[in-house]
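Peer 1: The following comprises the amino acid sequence and a computationally predicted model.
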There are 2 protein chains.
Amino acid sequence: MIDLVIIGTVALDSLETPFGKVKDVIGGSATYASIAASFFSKPGILSIIGKDFPKQYIKYLNERGINTKGIMSGDKTFRWQGFYEFDMNEAKTIRTELNALESYKVEVPEDYKNAKYIFLANIDPELQLDAINSIKQPELIVMDTMNFWIEHKREQLLKTIDKADIIVLNDGEARQLFDTPNLVTAANSALKLHTKAVIIKKGEHGALLFTDNKHFNAPGYPLENIKDPTGCGDSFGGALIGYLAKTQDLSETNLRKAVVYGSVIASFNAEDFSIERLRKIKHQDIEKRFKEFREMREF
Amino acid sequence: MIDLVIIGTVALDSLETPFGKVKDVIGGSATYASIAASFFSKPGILSIIGKDFPKQYIKYLNERGINTKGIMSGDKTFRWQGFYEFDMNEAKTIRTELNALESYKVEVPEDYKNAKYIFLANIDPELQLDAINSIKQPELIVMDTMNFWIEHKREQLLKTIDKADIIVLNDGEARQLFDTPNLVTAANSALKLHTKAVIIKKGEHGALLFTDNKHFNAPGYPLENIKDPTGCGDSFGGALIGYLAKTQDLSETNLRKAVVYGSVIASFNAEDFSIERLRKIKHQDIEKRFKEFREMREF
């Protein structure tokens, strides 16, 4: 029985960073988010792949307790090709092949329909909305997005935001969506909507959580070896909602913990290419780093 | 009797931000640093001004308990003219007139010579070195600098760094000085020198403190109304060393507190032009915001 539905992309990524190069490795927002969530809860994915998608990857997801019944089959898998420059702050896209994603229609397996938690990982906001409408009684909807949808599907995006309880954006997206350079102003604009909480991811600078009258500032982890930041934002969101689904506690205190667990998993993810680092970490690694997050802000 | 010597500039600034415009107002690294330090300790300034410098400003500094005997007199005051664009992250310089600063030679009044704390605010690193050499037995030297000296006086700068106990840099300067995009790598390079601690200021993203095996991450204060960020870095450094001079405790715990007091004063400074906000705040405002810094990081 799954407790969390994650809609997003399952992709084959080819990318280069100053620290190496990989070709056709597993990627995609739902992949990273579901692996991150699986440390805490039982997620099920809604997505589409093609015949070219290696079966071993699906097997691996299942071994982690991730339900893949909601992954449809198309012709060819969504592919992203990109690179990072030396500062690693921003992915540069060389090519995006939508492939099967282009004709994807959300179909929700019966055993997903009673899930209480939904994570809308980065994908077309209309598909995000379809996912929401397919779940009987969601208790918490957390939503991520990206600049592409802010630019090209703003209206549909705002409709989806209107259904979400928590929105997760990176700093650039928050500035762009609410048309202000000031992140506090952006967060306050978001809180004027239906949204209960806004989380702004700032990469190496950590993450901010804004709720009604409270502000929480999560530090970035001081990583010296960043190999590949792909999927950090997705891992953050997946771990966040995974932890919330596990604890079923939406208090301010627990939201803050969820943000830190998100930061912990995202920091691990950057340490190797694709899902390699997330494959290797164990619960005690997560708890150890969680403790480090506490220590580096004590004063 | 002063406990802290601050060398730096005392300037007349003319600048524009999206929120207003000021002409020939008091500015300069030693000005901001000494006002910030004066909340905690008794600083004395080493600098030079011209005949055009309004006497009321000197009177104001004295009223705050700041010793100005070490401010020499030249012909015309150092002037900076600049502006900030909408994102307020970076000062753009229109014009710098060195004026009296060009022929400034450090002369240290007798009653400065026994000070135990030195703050080298942003000024030519050779002058910073002269200041160090004029103090009998300094116990703590904290040093700030800027990109201009990294580019144009790198060798002299490194000599001064070699004498400093704590160096304070902004993130761009740290990357530039140690030739790496990674702030952790930059900090580790600095710690391989004589330096005991490195503090990296990240503006709205807070500040990082690196000591031997410890890492502290101070949050940025969530300011919605930033009017003028001029002098925030100087205020940060001044409050930091002022607090250390007051408490005379260089433990990791107290260094962390000093970083937060630095962040508190810097966050106030951005709320108005020139020194206007710092003029108005009281000790209870500082303590209140210090408490907010604690609350926004509890999890």
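Peer 2: Arrived safely, thanks for sending. Everything numeric in this text was worked out from a predicted model, so none of it was measured.

Peer 1: what's residue A:234 in contact with, if anything?
Peer 2: A:8, A:28-33, A:36, A:121-122, A:144 (CB atoms under 8 Å, 6 or more residues apart in numbering or on different chains). The C-beta positions use only the backbone N, C-alpha and C, and glycine is treated the same way.

Peer 1: Tell me how far it lies from chain B.
Peer 2: According to CB to the nearest CB, to the nearest Å, residue A:234 and chain B sit 22 Å apart.

Peer 1: Now the residue of the stretch 1-150 of chain A found nearest chain B. Nearest residue, chain neighbours left out?
Peer 2: Relative to chain B, the nearest point of the stretch 1-150 of chain A is residue A:87 (4.2 Å; CB to the nearest CB). Excluding its sequence neighbours, the residue lying closest to residue A:87 (CB to CB, 6 or more residues apart in numbering or on different chains) is residue B:181, at 4.2 Å.

Peer 1: pretty sure the one you found contacts residue A:90?
Peer 2: No: assessed by CB atoms under 8 Å, residue B:181 is found out of contact with residue A:90, at 12.0 Å.

Peer 1: Who has more neighbours out of these two?
Peer 2: A count of neighbours by other CB atoms under 10 Å in any protein chain shown puts residue B:181 above the other of residue B:181 and residue A:90, at 16 against 13.

Peer 1: Quick check: residue A:10 touching residue A:72?
Peer 2: No: with contact defined as CB under 8 Å, residue A:10 does not reach residue A:72; the gap is 9.9 Å.

Peer 1: Now do the shared contacts for these two.
Peer 2: Shared contacts of residue A:10 and residue A:72, defined by CB under 8 Å, 6+ apart, comprise A:47-49.

Peer 1: What about those residues, which are in helices?
Peer 2: Among these, none falls in helices (DSSP state H).

Peer 1: and those residues as CSV, adding neighbour count, distance to chain B and pLDDT?
Peer 2: As requested, the shared contacts of residue A:10 and residue A:72 are exported to CSV (neighbours: other CB atoms under 10 Å in any protein chain shown; distance: CB to the nearest CB, whole Å; pLDDT from 0 to 100):
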residue, neighbour count, distance to chain B, pLDDT
A:47, 28, 32, 98
A:48, 26, 37, 98
A:49, 29, 35, 98
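
Peer 1: Show me which of residue A:10 and residue A:72 is the more surrounded one.
Peer 2: residue A:10 (29 against 16).

Peer 1: Angles on the backbone of that one, please.
Peer 2: Note on residue A:10: its backbone torsions stand at phi -120, psi 120 [degrees, to the nearest 10].

Peer 1: so how far is residue A:91 from it?
Peer 2: 18 Å (CB to CB, to the nearest Å).

Peer 1: that older thread, tell me which residues touch the residue nearest to residue A:87, please.
Peer 2: Shown in contact with residue B:181 (CB under 8 Å, 6+ apart): A:86-88, B:175.

Peer 1: Separate out the buried members of these.
Peer 2: Buried members of the contacts of residue B:181, counted by 16 or more other CB atoms under 10 Å in any protein chain shown: A:88, B:175.

Peer 1: In strands, which of the contacts of residue B:181 appear?
Peer 2: Among those, no member falls in strands (criterion: DSSP state E).

Peer 1: which among the contacts of residue B:181 gets closest to residue A:110?
Peer 2: residue A:88 (42.4 Å; CB to CB).

Peer 1: Is it correct that the closest one is in contact with residue A:229?
Peer 2: Yes: in this structure, residue A:88 is within contact of residue A:229 by CB under 8 Å, at 5.6 Å.

Peer 1: which parts of chain A sit against chain B?
Peer 2: By CB under 8 Å from any CB of the partner chain, the residues of chain A that approach chain B are A:86-88, A:181-185, A:188, A:202, A:204-206, A:208, A:210, A:214-220, A:222-224, A:226, A:253, A:256-257, A:259-260, A:294, A:296-299.

Peer 1: For chain A, which segments count as helices?
Peer 2: Along chain A, counting by DSSP H, helices occupy A:29-37, A:55-63, A:125-134, A:147-152, A:154-163, A:171-177, A:183-191, A:232-247, A:252-269, A:276-280, A:283-295.

Peer 1: and those helices as TSV, adding mean pLDDT?
Peer 2: Output for those, formatted as TSV (pLDDT from 0 to 100):
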stretch	mean pLDDT
helix A:29-37	98
helix A:55-63	98
helix A:125-134	97
helix A:147-152	94
helix A:154-163	96
helix A:171-177	94
helix A:183-191	94
helix A:232-247	98
helix A:252-269	98
helix A:276-280	98
helix A:283-295	98
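
Peer 1: which one of those is the most hemmed in?
Peer 2: Of all the helices of chain A, helix A:29-37 carries the top mean neighbour count, a mean of 32, counting by mean count of other CB atoms under 10 Å in any protein chain shown.

Peer 1: Remind me what that helix packs against, helices and strands.
Peer 2: strand A:4-7, strand A:43-49, helix A:55-63, helix A:232-247, helix A:252-269, helix A:276-280 (3 or more CB pairs under 8 Å, 6 or more residues apart in numbering or on different chains; DSSP states H and E).

Peer 1: go with 6 Å
Peer 2: Contacts defined by 3 or more CB pairs under 6 Å, 6 or more residues apart in numbering or on different chains; DSSP states H and E place helix A:29-37 against strand A:4-7, strand A:43-49, helix A:232-247.

Peer 1: Nearest to residue A:18, out of these?
Peer 2: Here helix A:232-247 is closest among the helices and strands packed on helix A:29-37 (CB to CB), at 16.4 Å.

Peer 1: and the angle from the closest one to helix A:283-295?
Peer 2: Helix A:232-247 and helix A:283-295 are oriented at 100 degrees to each other (axes from the mean of the first three to the mean of the last three CA atoms, to 10 degrees).

Peer 1: can I get the CA coordinates of helix A:232-247 in PDB?
Peer 2: Extracted C-alpha coordinates of helix A:232-247, given in PDB (Å, rounded to 0.1, in the frame of the first residue of the first chain):
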ATOM      1  CA  CYS A 232      19.200  17.800  -5.900                       C
ATOM      2  CA  GLY A 233      16.000  19.900  -6.000                       C
ATOM      3  CA  ASP A 234      13.900  16.800  -6.700                       C
ATOM      4  CA  SER A 235      15.600  14.800  -4.000                       C
ATOM      5  CA  PHE A 236      15.000  17.700  -1.600                       C
ATOM      6  CA  GLY A 237      11.300  17.700  -2.400                       C
ATOM      7  CA  GLY A 238      11.000  13.900  -2.300                       C
ATOM      8  CA  ALA A 239      12.700  13.600   1.100                       C
ATOM      9  CA  LEU A 240      10.600  16.400   2.500                       C
ATOM     10  CA  ILE A 241       7.300  14.900   1.600                       C
ATOM     11  CA  GLY A 242       8.500  11.400   2.400                       C
ATOM     12  CA  TYR A 243       9.400  12.500   5.900                       C
ATOM     13  CA  LEU A 244       6.000  14.200   6.300                       C
ATOM     14  CA  ALA A 245       4.200  11.100   5.000                       C
ATOM     15  CA  LYS A 246       6.100   9.000   7.600                       C
ATOM     16  CA  THR A 247       5.500  11.300  10.500                       C
END
